[in-house]
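>>> need a 3D model of the sequence below.
(one chain, ligands or ions: 1)
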Amino acid sequence: MTEVRVRFAPSPTGYLHIGGLRTALYDYLFAKNKKGKYILRIEDTDQSRFVDDSIENLLKSLEWAGVNHDEGVFLEDGEIVEKGEYGPYIQSKRLSIYKEYVEKLLDSGDAYYCFCDKDRLERLREEQKEKNLMLGYDGHCRNLSKEEVEKRIESGEDYVIRLRFPENEDIKFTDIIRGEIVVNTKDLDDQVLLKSDGFPTYHLAVIVDDYLMKISHVVRGEEWLPSAPKHAYLYKAFGWEAPIFVHLPTVLNSEKKKLSKRHGDVAVEDFKAKGYLPEALTNYLALVGWSPESNEEFFNMDELIEEFSFERVSRTGGVFDINKLNWINAHYIREKDLDELTALAIPVLLEHEEITNDDIKNRYDWIKALVAILKERVSTINEIPEKLESILDNDVKYETKEAEEVLKESEIDKLLEAFKEELSQIEEIDEEFAKSILKKIQKKTGIKGKNLFMPIRIALTGNQHGPDLDKIILVLGKANILKRIEKLGI
Ligand code: GLU
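Presented below is the predicted three-dimensional model:
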């Protein structure tokens, strides 16, 4: 088999859509699974849609997500650079290549000059609408003589170049997900290939580039399926073998409509800003449209690479379920290395003024302990400050009647007296104090085991279960603990 080469070919329109990230992810997984190459190409031939900095933005989002390409356009030290032997990988730098190839189609008669101006095309459209006819170009310029064409070009008339479809021919191609597709050229419009400004349309550029970049599989959203017959025909007109097509089902919202900006967050950077972990987002996105053979739902990137195949991508749209993403994100937060998680939580805690820069320098263990407690309770990093506030609320509520009973029947007064005494000897609780305090109270009171830690836990948190008591003690700190003890009248 020839080398697998796939490409993600976004247009730089401002941000990376979550559906785009899924396409990129499938490209990446498939390429790695087949030991092939994954290429990133920028499709910027529609200059009216171009937004400043969007290439940088796209590249940053892909890098954050860990969906890394082998070839194409990269960001290095803030500079856009290109790597690979099939460049340039930015379409606006390839204009002369498209011209060269469109000439070939003109020579073979598979393309023609069209001088119809906007007014004529608009009138045509109106007429077709009125008569309930199929909308599309009527072939007005299909048969202009060579002389006439030359004359009109010389006189400075604007023109486009259109593909000349045969009148009545079936175009066949196979899509891995949808099987064989047949479309008759009767139902296709003579597609513009080169615009009057000299820029190619998407259809010309994508074919020329996929061919020259030796792309083996064209993987993209199903919104491009209606264009695929045109593309299949163009390959034939050029005399090239077409790549394998893979049109992915659309990512839908809970109302089964296309996920769009109007309905909330769709940009990858929004998910980053909200405190989702890249490994959770990619794990979740892989499952939107693809299903593994097992019932397993948690996959790291290597496992996804191992398991992924287009055969298990569904034909119907995948629904983006934020609750499931939250559930998966919570799992990855719980599993994350504590120092790494603390590093992610620090900016959010700083922003909410829950910690200071001094705390980072002098009380890192305290921050780490609070992250250790909170990681069990949040589904995004951004929920950490809010959950912290609830932990630091000294108005302790008993979780259950049973907790209250246990506390009542214990020797809590004795325990907390001893606790208070120990606290009076220090300025603030540090890790060492938190770790040794229970032993000290045990020594002082002679109370051991469950009778020792359970009442203290309930007195401090209201709960019979929860994170390690030493972590709770460290996180609460001296002042909060004293307040809680006082509240119990001790
Ligand atoms: N540039 C197209 C887009 O923005 C990509 C289509 C394709 O992959 O062929 O979605």
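
>>> and whatever residue of the stretch 351-490 of the chain ends up closest to the ligand, what does it touch?
Residue nearest to the ligand within the stretch 351-490 of the chain: Thr380 (28.4 Å; Cβ to the nearest ligand atom). For the C-beta atoms, the positions are set from N, CA and C on the backbone; glycine is no exception. Counting by Cβ atoms under 8 Å, 6 or more residues apart in numbering, Thr380 touches Lys274, Gly275, Tyr276, Asn326, Asn329, Ile333.

>>> just the closest of those residues to Asp187, please.
When these are compared for distance to Asp187 (Cβ to Cβ), Tyr276 wins out at 42.9 Å.

>>> part of a strand, is Ile161?
Yes. Looking at Ile161 with DSSP: H, G, I helix; E, B strand; the rest coil, it is inside a strand.

>>> mind checking how far it is from the ligand?
Taking Cβ to the nearest ligand atom, to the nearest Å as the measure, Ile161 falls 20 Å from the ligand.

>>> and the gap between the closest residue in space to that residue that isn't next to it in sequence and the ligand?
Of all residues not flanking Ile161 in the chain, Leu194 sits nearest, at 4.1 Å (Cβ to Cβ, 6 or more residues apart in numbering). Here Leu194 is placed at a distance of 17 Å from the ligand (Cβ to the nearest ligand atom).

>>> what's opposite the residue nearest to Gly289 when sequence neighbours are not counted in the beta bridge?
In this structure, Gly289 finds its nearest non-sequential neighbour in Gly318, 3.6 Å apart by Cβ to Cβ, 6+ apart. For Gly318, the beta-bridge partners are Val251 (DSSP bridges).

>>> report how many residues lie close to Gly318.
Around Gly318 there are 21 other residues, counting by other Cβ atoms under 10 Å.

>>> show me what from the stretch 101-250 of the chain comes close to the ligand.
Proximity of the stretch 101-250 of the chain to the ligand, by Cβ under 6 Å from any ligand atom, involves residues Val206, Arg220, Trp224.

>>> so which of those belong to strands?
Taking DSSP state E as the definition of strands, those contribute Arg220.

>>> just the buried members of the residues of the stretch 101-250 of the chain next to the ligand?
With burial judged by 16 or more other Cβ atoms under 10 Å, the buried subset of these is Val206, Arg220.

>>> closest one of the residues of the stretch 101-250 of the chain next to the ligand to Glu405?
Arg220 (62.6 Å).

>>> so what's the residue in the stretch 201-350 of the chain positioned nearest to the ligand up against?
Across the stretch 201-350 of the chain, the shortest distance to the ligand (Cβ to the nearest ligand atom) belongs to Arg220, at 3.5 Å. For Arg220, the contacting residues are Ala9, Thr23, Val246, His247, Leu248, by Cβ under 8 Å, 6+ apart.

>>> give me that answer again for 10 Å
Arg220 makes contacts with 6-9, 20, 23, 26-27, 206, 227-228, 245-248, as judged by Cβ atoms under 10 Å, 6 or more residues apart in numbering.

>>> one more: Ser424?
For Ser424, the contact set (Cβ under 10 Å, 6+ apart) comprises Lys478, Leu482.

>>> now swap in His69 and tell me
6-8, 24, 27-28, 31, 37-41, 59, 62-63, 83-84, 89.

>>> Glu431 now?
Residues near Glu431 by Cβ under 10 Å, 6+ apart: Arg363, Tyr364, Asp365, Trp366, Lys368, Ala369, Asp470, Lys471, Ile473, Leu474.

>>> and what of Lys37?
Here Lys37 is in contact with 3-7, 31, 69-72, 84, 86, 213-216 (Cβ under 10 Å, 6+ apart).

>>> what's the answer for Arg123, then?
Here Arg123 is in contact with Cys116 (Cβ under 10 Å, 6+ apart).

>>> now swap in Asp339 and tell me
Tyr364, Lys368, Val371.

>>> now Ile391
Contact partners of Ile391, counting by Cβ under 10 Å, 6+ apart, are Leu370, Ile373, Leu374, Arg377, Thr461, Gly466, Pro467, Ile472, Val475, Leu476, Asn480.

>>> one more time with 8 Å, if that's ok
Contact partners of Ile391, counting by Cβ under 8 Å, 6+ apart, are Leu370, Ile373, Leu374, Val475, Leu476.

>>> thought Ser390 was touching the third one, still the case?
Going back to what we said before, that points to Leu374. No. Checked against Cβ atoms under 8 Å, the pair Leu374 and Ser390 is beyond contact range at 9.8 Å.

>>> neighbour count winner among those two?
Leu374 (24 against 9).

>>> quick one: the helices in the stretch 201-350 of the chain?
202-212, 228-238, 268-273, 278-287, 301-307, 322-335, 338-351 (DSSP state H, counting those that start in this stretch).

>>> what's the closest of these to Leu452?
helix 338-351 (26.5 Å).

>>> tell me the angle of that closest one relative to helix 322-335?
120 degrees (axes from the mean of the first three to the mean of the last three Cα atoms, to 10 degrees).

>>> if I look at the closest residue to the residue of the stretch 351-490 of the chain closest to the ligand other than its chain neighbours, how far off is Leu350?
In space, and not counting its chain neighbours, Thr380 is closest to Gly275: 3.6 Å by Cβ to Cβ, 6+ apart. Distance of Gly275 to Leu350, given as Cβ to Cβ, to the nearest Å: 14 Å.

>>> what about Ile55, how many residues nearby?
Ile55 has 19 neighbours, counted by other Cβ under 10 Å.

>>> I meant to write Lys146 there.
8.

>>> likewise for Glu150?
12.

>>> cool, the one 3 residues further on as well?
Residues near Ile153, counting by other Cβ under 10 Å, number 13.

>>> sticking with it, tell me its helix or strand.
Using DSSP states H and E, Ile153 sits in helix 146-154.

>>> which positions in the lengthiest helix in the chain come out as buried?
What stands out as the longest helix in the chain, according to DSSP state H, is helix 469-487. Within helix 469-487, the residues that count as buried by 16+ other Cβ under 10 Å are 469-477, 480-482, 484-485.

>>> against which helices or strands is it packed?
Contact here means 3 or more Cβ pairs under 8 Å, 6 or more residues apart in numbering; DSSP states H and E; on that basis helix 469-487 packs against helix 364-374, helix 384-392, helix 412-424, helix 431-445, helix 449-461.

>>> helices of the stretch 51-200 of the chain, residue ranges please.
In the stretch 51-200 of the chain, helices defined by DSSP H, counting those that start in this stretch lie at 54-65, 95-108, 118-130, 146-154, listed in chain order.

>>> could I get these as a markdown table with mean pLDDT?
Listed next are the helices of the stretch 51-200 of the chain as a markdown table, based on pLDDT from 0 to 100:
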| stretch | mean pLDDT |
| --- | --- |
| helix 54-65 | 96 |
| helix 95-108 | 97 |
| helix 118-130 | 95 |
| helix 146-154 | 96 |
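
>>> got those helices as CSV, with distance to Lys414 columns?
Shown next, in CSV, are the helices of the stretch 51-200 of the chain (distance: least, Cβ to Cβ, whole Å):
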stretch, distance to Lys414
helix 54-65, 53
helix 95-108, 85
helix 118-130, 89
helix 146-154, 101
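
>>> point out the most buried one among the ones you listed.
helix 54-65 (a mean of 20; mean count of other Cβ atoms under 10 Å).

>>> contacting residues around the closest residue to Gln464 other than its chain neighbours?
Excluding the flanking residues, the one nearest Gln464 by Cβ to Cβ, 6+ apart is Ala403, at 5.1 Å. By Cβ under 8 Å, 6+ apart, the residues touching Ala403 are Ile458, Gly462, Asn463, Gln464.
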